[in-house]
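Student: Prediction below, plus the sequence it came from.
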Amino acid sequence: MDIIETIKEQIAVNPVLLYMKGSPNAPQCGFSARAAQIIMSCGEKFAYVDILQNPEIRANLPKYANWPTFPQLWVGGELVGGSDILIELYEKGELQELLKSAAAKADA
Ligand SMILES: N[C@@H](CCC(=O)N[C@@H](CS)C(=O)NCC(=O)O)C(=O)O
C-alpha cells in the first residue's frame, strides 16, 4: 500500500493516535516522552505508531500533516499538534475533554 494511504488509514481507524519516537513506556525522545505521559495521564485508550520503526512514515507524515516534527497527536482524524500544544491544552483542561469525547464517540 502507498505510504500516504497507510497513514490515512491509521488516522481514520484510530480515534486517538500518537505518532512518536519509541513507545509510551520506552520513549526515545523528550518531546515524545512528554506527549505520551500527558496523554496517559488523561486515562483514555490511545494507539501509537513508533516512527523510528517506520522510517517511511517519519519521512512522509510531516508533508501530509503540514507539521514538521514528532510527536503528533491525531484525534478523530484531525491533527491536534505536538507536545507543546498538548501541554497547553492539558493545562486548560481541554485535552482531557477532547480525549474523553473521542473515547465516547468510539464506544458509541
Ligand atoms: N515543538 C515541538 C518540538 C518537537 C521536535 O522538535 N521534534 C524533533 C525532535 S524529536 C523532530 O521531530 N525532528 C524531526 C525528526 O526527527 O524526524 C513539540 O513540542 O512537539
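Tutor: On my side now, so go ahead.
Student: Against G93, how distant is the residue of the chain found nearest the ligand?
Tutor: In the chain, the residue that lies nearest the ligand is G82 (2.4 Å; C-beta to the nearest ligand atom). For the C-beta atoms, the positions are set from N, CA and C on the backbone; glycine is no exception. Using C-beta to C-beta, to the nearest Å, G82 is found at 19 Å from G93.
Student: Pick out whichever of these two has more residues nearby.
Tutor: G82 (21 against 9; other C-beta atoms under 10 Å).
Student: Now do the worst-scoring helix or strand of the chain on mean pLDDT: distance to the chain's middle.
Tutor: When each helix and strand of the chain is scored by mean pLDDT, DSSP states H and E, helix 94-107 comes last, with a mean of 95. Put simply, helix 94-107 sits 14 Å off its chain's centre (C-alpha atoms, centre = their mean, to the nearest Å).
Student: Is any residue of it near the ligand?
Tutor: No: for helix 94-107 and the ligand, the contact criterion (C-beta under 6 Å from any ligand atom) is not met; the two come no nearer than 13.5 Å.
Student: list the buried ones in that helix?
Tutor: Neighbour counts over helix 94-107 (16 or more other C-beta atoms under 10 Å) mark 95-96, 98-99, 102-103 as buried.
Student: how about the helices of the chain, start to end?
Tutor: Taking DSSP state H as the test, the helices found in the chain are 3-13, 30-42, 55-65, 83-91, 94-107.
Student: Out of these, which one sits most buried?
Tutor: helix 30-42 (a mean of 19; mean count of other C-beta atoms under 10 Å).
Student: So which elements touch that one?
Tutor: If you count contacts as 3 or more C-beta pairs under 8 Å, 6 or more residues apart in numbering; DSSP states H and E, helix 30-42 packs onto strand 16-20, strand 22-23, helix 83-91, helix 94-107.
Student: Compile these into a markdown table and extend it with columns for distance to N54.
Tutor: Formatted as a markdown table, those follow (distance: least, C-beta to C-beta, whole Å):
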| stretch | distance to N54 |
| --- | --- |
| strand 16-20 | 9 |
| strand 22-23 | 12 |
| helix 83-91 | 19 |
| helix 94-107 | 23 |
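Student: G30 is nearest to which of those?
Tutor: helix 83-91 (8.3 Å; C-beta to C-beta).
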